[in-house]
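# Dropping the sequence and predicted coords here.
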Amino acid sequence: MGSKTETETMDAVQILSGNEAIARGAWEAGVKLAAAYPGTPSTEILETLAEYEDVYCEWSPNEKVAMEVGTGASMAGARTLVCMKHVGLNVAADPFFSSSYVGLEAGMVVVSADDPGMHSSQDEQDNRNYAKFARVPLLEPSDSGEAKEFTVAAYDLSERFDTPVLLRTTTRTSHSKSIVALGGRQSPKPVTTLVRDPVKYLMMPANATTRHPLVEQRVVDLAEYAETCPFNRVEMGDPRVGIITSGAIYGYCREAVPDASFLKLGMTFPLPKRLITEFRSKVERLYVVEELDPFLEEAIRLMGIEIDGGKELNTLLGELNARLVAASLSKAGVPGVNEDLLRPLSPEIPDLPGRPPTFCPGCSHRGLFVVLKKLRVFVSGDIGCYTMGSLPPYNAMHCSTCMGASISMTHGMAKVLEPPAGGAKPDLRNKVVGVIGDSTFFHSGITSLMNVAYNGGKTLTIIVDNSTTAMTGGQDNPGSGKTLLGEPSATVDIPALCRALGIDRVTTIDPYDLEEVERVLREELAADEASVVIAKAPCVLQFKVRKPVYRVDPELCNGDKRCLQAGCGALNLYIDADGKRKVEIDPADCAGCGVCSQLCKEKAIARAVQPEGKGS
Ligand SMILES: Cc1ncc(C[n+]2csc(CCOP(=O)(O)OP(=O)(O)O)c2C)c(N)n1
Ligand code: SF4
Ligand code: SF4
């Protein structure tokens, strides 16, 4: 890391994604420290920033820690960047609200990358609400150019108003690319002494009471600033139609009604009342177009400003696009809607068959779910690649809510589940098992496991440890032995940690060995105390694990499809020349894990090439 030098980065313009542009903006603004926990669509911000020299970047075990690291650094006097996906801000909400009260010595920008449409998230909450809730300024860039520009400006805003700034992107602004004008790096101020000002920085009731009025006054001052903020701009066109919008939606509206008049808001909390009132007076009809919540609309209506169309024209759900915006405005009778967007899409575009998500061939999670399905236990799952254990052919995960919840939910369920009547052996279908990944365990599973031990829980927790944060692209974590900057680090010893939390039964298994997995799980399910099983094997994608491939002997294959219970994409069903159903393995896809071979009763699946030192 740290490969981008000052000279390499001095092109006048570059085409960057929104995430790359934010990283660039942070570098230009002289950011000294950045912390984040990965989460789509935010992850690439820190990965990109780590490539620049002069910025210290680290993966935190969770978003709360990232927020606190950032708050500490900005309190110490260095500009900082903290990034997360929208649900991450729920985890970081506690320090985020406090950072709004205490303010800072040097600028702090918090990026919330929201995911309307839930491309890779468990909900689609609108985090603009957090800005209002925590009373901090909110900036919403529309494209990469603005993402960079707003990031640089956010640091001045942060320092001028003594507040963290929330920079909110959405999947479209984070991941789409556009032109960005580049600038040089501002020199960060050296941090030599720590400011001791407990009335400002130590939030006990007496001090917080003095800070709260300042926070409210700050909102008033920011609203005044918003009136002339260069990111809130009026673009007058056809005076019959006025549209107020922000973020990626501005682009959709521009395409949908190219000649309309626009009030494009870059700063969306607090809002500029005079500017909006003036814009209202210049247009015949006023529409507010926004994705997810009626955040702008409600604030504008509360100002007593009349709106001709808001959320009732557009859905509260999912992502908007130019076609949806055009259709809704046309339905509302708005003149000048782009006719091209109203025509149905060309029927020549074929309906492509859907491809359901599944584990990579050779994934270390596969064998575990084959066994969990067989055992028919109730699986309280968590968030990671292993959540795909809920899908066919396994269907072996029955609930999953938010990161870290698996173990605590298992505990809650087990505490209320009645034991079988008359002392009968418990039905495995009523046994609750928690399944959690290593990164998720470090994120927020540790406290839940401590709770199980502390409160006398008797549940079984399976930690699927593949030594990476696979789902978000394979980021290092406290168990992988390496930092974001590629330096060797302390590595958490998960079995020792579980024991230290108070769990006496801790077993490590090889998830590829189906017999071992089943034997150990049966033993642990029968135990009358809490236990942890660690299914340990590296992520084959991240660590490029390839063993000699397996092949099916067509003579021995009887087509009973047992091997397909592995759910591996390298296995294909075909009909042979005699019309018999057979399975074959695509050697280009097979990672040589051997799970399918263990499922075949006919012993028709064996390694195509024997590993060295073993006879045939
Ligand atoms: C609060 C929160 N932060 C981040 C994410 C994004 N995210 C989903 S799963 C996951 C971690 C997956 O890693 P791990 O638990 O080790 O499982 P793996 O994917 O490696 O199997 C992350 C970071 C999220 N869903 N929620
Ligand atoms: S990325 Fe790794 S953990 Fe995720 S499905 Fe592929 S092999 Fe499994
Ligand atoms: S051995 Fe079987 S299950 Fe494993 S990757 Fe190859 S085809 Fe898939």
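That came through, no problem. All of these numbers come straight from a predicted model, not from anything done at the bench. Ligands and ions are numbered 1, 2, ... in the order given.

# OK, contacts around the residue of the stretch 151-300 of the chain found nearest ligand 2?
At 19.2 Å from ligand 2, H175 is the closest residue in the stretch 151-300 of the chain, using CB to the nearest ligand atom. (Each C-beta comes from the backbone N, C-alpha and C, glycine too.) Contacts for H175 (CB atoms under 8 Å, 6 or more residues apart in numbering) come out as S17, G18, N19, P41.

# count of residues packed around the first one?
Translated: S17. Neighbour count of S17, defined by other CB atoms under 10 Å: 21.

# what pairs with it across the strands?
Applying DSSP bridges to S17 gives these bridge partners: K177.

# Up against ligand 2, what does the stretch 301-450 of the chain have?
Proximity of the stretch 301-450 of the chain to ligand 2, by CB under 6 Å from any ligand atom, involves residues F359, C360, C363, H365, C385.

# Tabulate these (a markdown table), appending neighbour count and distance to ligand 1.
Shown next, in a markdown table, are those (neighbours: other CB atoms under 10 Å; distance: CB to the nearest ligand atom, whole Å):
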| residue | neighbour count | distance to ligand 1 |
| --- | --- | --- |
| F359 | 23 | 9 |
| C360 | 21 | 11 |
| C363 | 28 | 8 |
| H365 | 25 | 6 |
| C385 | 23 | 4 |
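
# Just the closest of the residues you listed to K200, please.
Relative to K200, the closest of those is C385; by CB to CB it sits at 44.0 Å.

# Quick check: that closest one touching C363?
Yes - using CB atoms under 8 Å, C385 makes contact with C363 at a distance of 7.0 Å.

# Find residues that contact each of these two.
Both C385 and C363 are contacted by C539, under the criterion CB under 8 Å, 6+ apart.

# Using PDB, write out the CA atom coordinates for stretch 76-96.
Listed next in PDB are the C-alpha coordinates belonging to stretch 76-96 (Å, rounded to 0.1, in the frame of the first residue of the first chain):
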ATOM      1  CA  ALA A  76      -6.100  15.300  18.600                       C
ATOM      2  CA  GLY A  77      -5.900  17.700  15.700                       C
ATOM      3  CA  ALA A  78      -5.700  15.600  12.500                       C
ATOM      4  CA  ARG A  79      -8.200  15.600   9.700                       C
ATOM      5  CA  THR A  80      -9.900  12.200   9.600                       C
ATOM      6  CA  LEU A  81     -12.200  10.100   7.400                       C
ATOM      7  CA  VAL A  82     -14.500   7.400   8.700                       C
ATOM      8  CA  CYS A  83     -16.400   5.300   6.200                       C
ATOM      9  CA  MET A  84     -19.200   2.700   6.400                       C
ATOM     10  CA  LYS A  85     -22.200   1.300   4.700                       C
ATOM     11  CA  HIS A  86     -25.600   2.600   5.800                       C
ATOM     12  CA  VAL A  87     -26.200  -0.100   8.400                       C
ATOM     13  CA  GLY A  88     -22.800   0.500   9.800                       C
ATOM     14  CA  LEU A  89     -24.000   3.800  11.000                       C
ATOM     15  CA  ASN A  90     -26.500   2.000  13.200                       C
ATOM     16  CA  VAL A  91     -23.500   0.300  14.900                       C
ATOM     17  CA  ALA A  92     -21.600   3.600  15.100                       C
ATOM     18  CA  ALA A  93     -24.500   5.700  16.200                       C
ATOM     19  CA  ASP A  94     -23.500   6.100  19.800                       C
ATOM     20  CA  PRO A  95     -20.100   7.700  19.100                       C
ATOM     21  CA  PHE A  96     -21.500   9.500  16.100                       C
END
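
# Give me the mean pLDDT for that stretch.
Stretch 76-96 carries an average pLDDT of 98.

# can you pull the buried residues of that stretch?
For stretch 76-96, the neighbour count (16 or more other CB atoms under 10 Å) marks 76-93, 95-96 as buried.

# Which ones among these map onto strands?
Using DSSP state E, the members of the buried residues of stretch 76-96 that fall in strands are T80, L81, V82, C83, M84, K85.

# isn't there a strand covering G242?
Yes - counting by DSSP: H, G, I helix; E, B strand; the rest coil, G242 is part of a strand.

# Next one, pLDDT for it please.
98.

# Kindly report the same for E8.
For E8, the predicted pLDDT is 51.

# The one 4 residues further on now?
pLDDT recorded at A12 is 92.

# Test my guess that K311 contacts F295.
No - the pair K311 / F295 is not scored as a contact, 9.8 Å apart, by CB under 8 Å.

# buried ones in stretch 352-362?
Across stretch 352-362, burial judged by 16+ other CB under 10 Å covers T358, F359, C360, P361, G362.

# And S380, how far from ligand 3?
Here the criterion is CB to the nearest ligand atom, to the nearest Å. By it, S380 lies 26 Å from ligand 3.

# what number of residues lie near that residue?
By the other CB under 10 Å criterion, the neighbourhood of S380 contains 27 residues.

# how about the strands of the stretch 51-200 of the chain, start to end?
56-59, 80-85, 108-114, 138-139, 165-170, 177-181 (DSSP state E, counting those that start in this stretch).

# before we move on, what about the stretch 401-550 of the chain?
Secondary structure of the stretch 401-550 of the chain (DSSP E, counting those that start in this stretch): strands at 432-437, 460-465, 505-509, 531-536, 550-552.

# Just want the angle from the second one to strand 531-536.
Spelled out, it's strand 460-465. 20 degrees (axes from the mean of the first three to the mean of the last three CA atoms, to 10 degrees).

# Okay, now the sheet partners of strand 460-465, with direction.
strand 432-437 (parallel), strand 531-536 (parallel).

# Could I get the contacting residues of L104?
For L104, the contacting residues are T71, S74, M75, S158, E159, D162, T163, P164, by CB under 8 Å, 6+ apart.

# thinking again about what came up before, nearest to ligand 1, out of the strands of the stretch 51-200 of the chain?
Among the strands of the stretch 51-200 of the chain, strand 80-85 sits nearest to ligand 1 (CB to the nearest ligand atom), with 5.4 Å.

# which stretches of the stretch 51-200 of the chain have low pLDDT?
Along the stretch 51-200 of the chain, segments meeting pLDDT under 70 are nowhere present.

# mind redoing it with 90?
Per-residue confidence for the stretch 51-200 of the chain (pLDDT under 90) gives these ranges: 53.

# Tell me where it has helices.
Counting by DSSP state H, counting those that start in this stretch, residue ranges of the helices within the stretch 51-200 of the chain are 63-76, 86-91, 93-102, 128-134, 144-161, 171-175, 198-201.

# just the stretch 401-550 of the chain next, same as before
Along the stretch 401-550 of the chain, counting by DSSP H, counting those that start in this stretch, helices occupy 405-416, 438-440, 446-454, 494-501, 514-526.

# for the third one, packing partners?
Just to be clear, that refers to helix 446-454. If contacts are counted by 3 or more CB pairs under 8 Å, 6 or more residues apart in numbering; DSSP states H and E, helix 446-454 sits against helix 405-416, helix 494-501.

# among those helices, which is the most enclosed?
For those, the largest average neighbour count (mean count of other CB atoms under 10 Å) is found in helix 405-416, namely a mean of 21.
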